[in-house]
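J.: based on what follows, work out the 3D shape:
(one chain, ligands or ions: 1)
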Amino acid sequence: MTVRTDPAALAALLEAIRHTLPAVRILADAGDRESYRLDETAYLEAGLPGAVAFPMSTGDVSALLMLASKHRVPVVPRGAGTGLSGGAAGIEGALTVVMTRMDRILEIDRANLCVVTQPGIINADLKAAVAAEGLFYAPDPASYESCSIGGNLGTNAGGLCCVKYGQTRDAVLGLEVVLADGTVLRTGGRNVKDVAGYSLTHLFVGSQGTLGIITEATLRLRPAPGPRATLLVFFDSLEAAGDAVARMTSDGLVPVTLELMDRETIRAVEDWHHLGLDVGAAAMLMVESDALGAGASAELDRAETASLAAGGRSMVRAADVQEADWLRQARRLALRALERQGTVRMEDVGVPRARVPELLRAIERSTAAHGVRCATFGHAGDGNLHPNLIFDRDDPDASALTHVVRDEIFRAALDLGGTVTAEHGIGAARRDWLPIQVGDPAVAVMRSIKDALDPLGILNPGRVLQLPSVAIDPVSRLERAGAGP
Ligand SMILES: Cc1cc2nc3c(=O)[nH]c(=O)nc-3n(C[C@H](O)[C@H](O)[C@H](O)COP(=O)(O)OP(=O)(O)OC[C@H]3O[C@@H](n4cnc5c(N)ncnc54)[C@H](O)[C@@H]3O)c2cc1C
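T.: Predicted coordinates for the structure are as follows:
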C-alpha cells in the first residue's frame with residue numbers, strides 16, 4: 001500500500017510555506033528533489049519527495065509541521081541521509097524536512113558534563129568540539145564523519161564502542177521535540193537522574209521520525225578516555241572468532257571495541273587499502289582498549305589469551321595511535337569496500353553475545369544453500385552482525401533471492417533469542433518482521449502511541465509501523481479521531 005499525497009494539497013502547503021516562512025529554503029525542482037529520494041538503502045524502492053525544506057530554527061520546524069498538518073501532507077524528517085533502513089527515504093509527493101542547517105552547538109556545560117546541541121551537527125564535528133575541551137562524546141557509528149546527531153537520535157544509532165559505552169540512547173539526557181501538530185515539547189534536562197513520569201526522552205530516541213522531529217538534544221559527556229590501543233587477531237574459522245568473543249565476554253572483558261570481519265570483508269578492505277591484513281584468514285577480530293595507563297595493554301593481554309584459547313592463528317598490535325587510527329578507519333570503510341563489488345543489502349541482526357557463533361553458522365548455512373554472496377562484519381562484542389548480501393541489482397532473481405536469505409537469517413536470529421535489527425532500525429526495510437519479533441500486543445501499544453502523538457498520521461507514515469489498513473487518508477483519519485486542525 002502506498003501513501004496517497006494529493007498534489008493540490010502539496011501545492012497549497014508550498015504556497016503557505018512561502019508566505020509564512022519566506023526565509024526557509026525550499027527545493028521544488030525535480031532534479032534537486034531526486035537527491036533526497038534515497039538514503040543508503042539503494043536496494044529499496046523509494047518515492048520522489050514533492051518538496052524539500054531546510055528549517056533553521058525550532059520555530060521553523062513547528063510552523064512547517066503545523067502547516068503540513070493543516071494541509072494533510074505527509075512529512076519525512078531527514079538528517080544526513082546515511083540511514084540503512086529507508087527511514088529517511090522519500091515518500092512520493094511528500095515534504096522532506098532536512099535538519100542539516102540546524103547544526104549549532106548551543107552550550108558545552110563542563111560542570112554538568114553535558115552538551116546542548118541542535119540535531120543537524122555531524123557526529124564527528126560534535127566529538128571534535130567536545131574533545132577540544134578535554135571531554136568525550138561516546139556514540140560512534142562507523143559513519144560518524146557523515147551522519148548527523150539527529151539521525152543518530154532518530155535511529156538510536158550504535159557503532160564501534162557500544163560494548164563499553166552503550167547506544168545513543170545511553171547518552172541522552174533531554175530533548176526538544178516538535179510534534180506533528182507543531183507543539184514544542186521538552187523532555188528531560190541536565191539531570192543525571194530524573195524519573196518524573198514516563199520516559200518520553202527514550203520514547204523519541206529510535207522512533208525514526210514517526211513521533212516528532214527532534215530540534216535540540218542535551219547529551220551526556222565523559223572525561224576524555226585514554227588513547228586507543230588496538231589488537232587484530234586472525235582466525236582459521238568464523239566459529240573460532242565467535243568462540244573468542246564468547247570467551248572474552250564470559251571472562252568479564254569490556255573492551256571499547258570488539259569488531260569482527262569475515263574473509264570476504266578482509267579481502268575487500270585489503271584490496272582497497274593495502275593494510276597488510278592476513279587475507280588467508282577466515283575471520284578477524286579488532287579489539288581496542290581505551291583504559292588509562294597500563295590498563296590498556298593489560299586488557300589487550302586478556303583479549304590475546306582468550307583468542308589463543310579459541311584458536312587464533314596470528315595477532316598484530318598497532319605500534320602507535322596513528323596506526324591504530326588507520327586500522328580503525330579500515331573497519332569503518334568496510335561497507336564502502338564491499339560496495340565496489342556490487343549492490344549491497346546490509347542486514348543488522350543481533351543475538352545475545354554468547355550465541356554469536358551460532359548466528360554466524362546460520363548466516364553461512366543460508367547464504368551457501370542459496371548461492372548468495374555474503375560478507376559479514378559487525379559489532380560482535382554487542383552480538384550485532386551485519387551480513388552483507390552482494391548481488392546484481394539488474395537481475396530480479398538475484399534480488400528476490402536476497403529476500404529469501406534475509407528471511408532465513410531473521411528467523412535464525414529470532415530463534416536464538418535475538419532481533420532483526422540491533423541499530424539500523426525497522427524503517428521501511430524490515431516492517432514485515434516487526435510483528436513477528438515483538439508480537440501483536442506490542443505492535444498495538446506502539447500504534448496507540450503513534451495515534452496519540454500523530455493522530456493525522458502525517459509523520460513518516462509507513463515507517464516502523466505498517467500503514468493502517470485504511471490507506472493514509474488524513475481527512476477520514478481526522479474525522480475518526482474526532483479532531484480538527
Ligand atoms: C558506511 C556506513 C556505516 C554505518 N555505520 C553505522 C554504525 O556503525 N552504527 C549505526 O547504528 N549505524 C550505522 N550506519 C547507519 C547510519 O549512519 C545511522 O543510522 C545514522 O544514525 C543515520 O544518521 P543520518 O543523519 O544520516 O540520518 P538519516 O538517515 O537522515 O535519518 C535516519 C532516521 O532518523 C530520522 N531522523 C533524522 N533526523 C531526525 C530528527 N531531527 N528528529 C527525528 N527523527 C530524525 C529519519 O526520519 C530517519 O528515520 C552506517 C551507515 C553507513 C553508510
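J.: how many neighbouring residues does the residue of the stretch 201-350 of the chain at minimum distance from the ligand have?
T.: Per Cβ to the nearest ligand atom, Gly209 is where the stretch 201-350 of the chain lies closest to the ligand, at 2.6 Å. Any C-beta I mention is one placed from the backbone N, CA and C, and that applies to glycine too. Here the number of neighbours of Gly209 (other Cβ atoms under 10 Å) works out to 29.
J.: in three-state terms, label it for me.
T.: Judged by DSSP: H, G, I helix; E, B strand; the rest coil, the three-state class of Gly209 is coil.
J.: what's it sitting at in phi/psi?
T.: Main-chain dihedrals, Gly209, degrees, to the nearest 10: phi 70, psi 20.
J.: which ones are touching it?
T.: Contacts here follow Cβ atoms under 8 Å, 6 or more residues apart in numbering; on that basis Gly209 touches Val76, Pro77, Arg78, Gly87, Ala88, Gly154, Leu459, Asn460, Arg463.
J.: name the nearest residue to it, sequence neighbours excluded.
T.: Pro77 (3.5 Å; Cβ to Cβ, 6 or more residues apart in numbering).
J.: check Ala180 too.
T.: Closest to Ala180 by Cβ to Cβ, 6+ apart is Asp454, at 4.1 Å.
J.: how's this protein carved up into domains?
T.: The record assigns the chain these domain ranges, following automatic domain parsing: 105-223, 226-339, 342-426.
J.: can you put those in a markdown table and add mean pLDDT and distance to Val24?
T.: As requested, these are exported to a markdown table (pLDDT from 0 to 100; distance: least, Cβ to Cβ, whole Å):
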| stretch | mean pLDDT | distance to Val24 |
| --- | --- | --- |
| domain 105-223 | 97 | 14 |
| domain 226-339 | 93 | 33 |
| domain 342-426 | 95 | 27 |
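J.: now distance to Gly50 too, for the ones you listed, in CSV please.
T.: As requested, these are exported to CSV (distance: least, Cβ to Cβ, whole Å):
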stretch, distance to Gly50
domain 105-223, 17
domain 226-339, 29
domain 342-426, 24
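J.: that older thread, quick check, nearest of the contacts of Gly209 to Ala281?
T.: Gly87 (35.0 Å; Cβ to Cβ).
J.: tally of neighbours for the closest one?
T.: By the measure other Cβ under 10 Å, the count of residues near Gly87 is 29.
J.: and for Asp103?
T.: Neighbours of Asp103 under the rule other Cβ under 10 Å: 18.
J.: pull the contacting residues for it.
T.: Gln118, Gly120, Ile121, Ile122, Asp125, Ser148.
J.: now Gly350, which residues is it bridged with?
T.: Asn384, Thr419 (DSSP bridges).
J.: that one contacts Gly381, doesn't it?
T.: No - taking contact to mean Cβ atoms under 8 Å, the distance of 11.5 Å between Gly350 and Gly381 leaves them out of contact.
J.: quick one: which of those two has more around it?
T.: Gly381 (28 against 24).
J.: can you tell me the SS state at the more buried one?
T.: helix.
J.: before we move on, what about Gly159?
T.: coil.
J.: swap in Leu285?
T.: strand.
J.: with adjacent residues omitted, what lies nearest to it?
T.: Leu285 sits nearest to Val233 (Cβ to Cβ, 6+ apart), 4.8 Å away.
J.: repeat that for Ala306.
T.: In space, Ala306 is closest to Arg247, 4.0 Å off (Cβ to Cβ, 6+ apart).
J.: right, and that neighbour touches Ala310 too?
T.: Yes - judged on Cβ under 8 Å, Arg247 makes contact with Ala310 at a distance of 5.7 Å.
J.: who has more neighbours out of the two?
T.: Using other Cβ under 10 Å as the criterion, Arg247 and Ala310 rank with Ala310 on top: 22 against 19.
J.: how about the contacts made by that one?
T.: Counted by Cβ under 8 Å, 6+ apart, Ala310 has contacts Phe235, Ala240, Ala241, Asp243, Ala244, Arg247.
J.: so how many other residues sit close to Ala319?
T.: 9.
J.: helices and strands around the helix or strand harbouring the residue nearest to Leu285, which ones?
T.: Secondary structure from DSSP states H and E places Val233 in strand 229-235. Helices and strands touching strand 229-235, by 3 or more Cβ pairs under 8 Å, 6 or more residues apart in numbering; DSSP states H and E, are helix 238-250, strand 283-289, helix 295-309, strand 314-317, helix 321-332.
J.: can you list the strands that the shortest one pairs with?
T.: If I follow you right, that is strand 314-317. Assessed with DSSP bridges, strand 314-317 is paired to strand 229-235 (antiparallel).
J.: what's the partner strand in contact with?
T.: 241, 244, 277-278, 281-290, 296-297, 299-300, 303-304, 307, 310-318, 323-324, 327-328.
J.: picking up where we left off before, so how far is Ile436 from the residue nearest to Ala180?
T.: Noted for Asp454: a distance of 24 Å to Ile436, by Cβ to Cβ, to the nearest Å.
J.: Thr249 too?
T.: 27 Å.
J.: which one's more surrounded, the two?
T.: Neighbour totals were compared for Thr249 and Ile436, and Thr249 leads with 20 against 15 (other Cβ under 10 Å).
J.: how far away is that one from Ser289?
T.: 15 Å.
J.: show me what from the stretch 301-450 of the chain comes close to the ligand.
T.: Residues of the stretch 301-450 of the chain lying close to the ligand (Cβ under 6 Å from any ligand atom) are Leu335, Glu423, His424, Gly427.
J.: give the helix, strand or coil label for the second one.
T.: Judged by three-state DSSP, the three-state class of Glu423 is coil.
J.: the last one now?
T.: When states are read from three-state DSSP, the local structure at Gly427 comes out as coil.
J.: buried residues in stretch 9-26?
T.: Ala9, Leu10, Ala12, Leu13, Leu14, Ala16, Ile17, Leu21, Val24, Ile26 (16 or more other Cβ atoms under 10 Å).
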